[in-house]
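Trainee: Just to be clear, the model below is a prediction. Sequence and coordinates:
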Amino acid sequence: MSNNNQAVVEIAQTAGKYTSSIVLQADNKYIDVKSILGLFTTLVNTKSYELHVHGPDADEAKAAVSAVFAKHGLDVKVVAE
């Protein structure tokens, strides 16, 4: 579980560096990746995620946030809008 905590904090901190909207779709829920609380409740129960990124720095944000997910062994699919 502590491993997840580290992932949550790192994902939220990374997302917070970007102005783009970064939303994680997990099951039928949409979570703002910049919300640590939202991430905590989601990363525990779900195994596959979709990342929706919109904004001026979307490409950089997608790459950075995806990298953090991968680093922690979380399976995330970036959705091209």
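Mentor: Yes, it's here.

Trainee: Quick check: beta-bridge partners of residue 77?
Mentor: residue 50 (DSSP bridges).

Trainee: Residue 52 belongs to a strand?
Mentor: Yes. Residue 52: assigned to a strand according to DSSP: H, G, I helix; E, B strand; the rest coil.

Trainee: Assess the claim that it and residue 26 are in contact.
Mentor: No. Residue 52 is beyond contact range of residue 26, at 11.4 Å (criterion: CB atoms under 8 Å). C-beta: built from backbone N, CA, C; applies to glycine.

Trainee: What score does the residue positioned nearest the centre of the chain have for pLDDT?
Mentor: Centroid check for the chain by CA atoms, centre = their mean gives residue 33 as the closest residue, at 4.7 Å. On pLDDT, residue 33 comes in at 94.

Trainee: repeat for residue 63
Mentor: At residue 63, the model reports a pLDDT of 97.

Trainee: Once you drop chain neighbours, what's closest to residue 34?
Mentor: residue 15 (4.8 Å; CB to CB, 6 or more residues apart in numbering).

Trainee: Check residue 43 too.
Mentor: Nearest to residue 43 is residue 4, by CB to CB, 6+ apart, at 5.4 Å.

Trainee: and the gap between that neighbour and residue 73?
Mentor: As judged by CB to CB, to the nearest Å, residue 4 and residue 73 stand 10 Å apart.

Trainee: The two: which is more packed in?
Mentor: residue 4 (14 against 8; other CB atoms under 10 Å).

Trainee: For residue 57, see how far away the residue nearest to residue 43 is.
Mentor: For residue 4, the distance to residue 57 - CB to CB - is 27 Å.

Trainee: that older thread, just want the phi and psi numbers for the residue nearest to residue 34.
Mentor: Backbone torsions of residue 15, given as degrees, to the nearest 10, read phi -60, psi -40.

Trainee: My read is that it contacts residue 66, right?
Mentor: No. Residue 15 lies out of contact with residue 66 (CB under 8 Å); the separation is 11.0 Å.

Trainee: Could you check which of the two is surrounded by more residues?
Mentor: Taking other CB under 10 Å, residue 15 and residue 66 do not tie; residue 15 has more neighbours (25 against 17).
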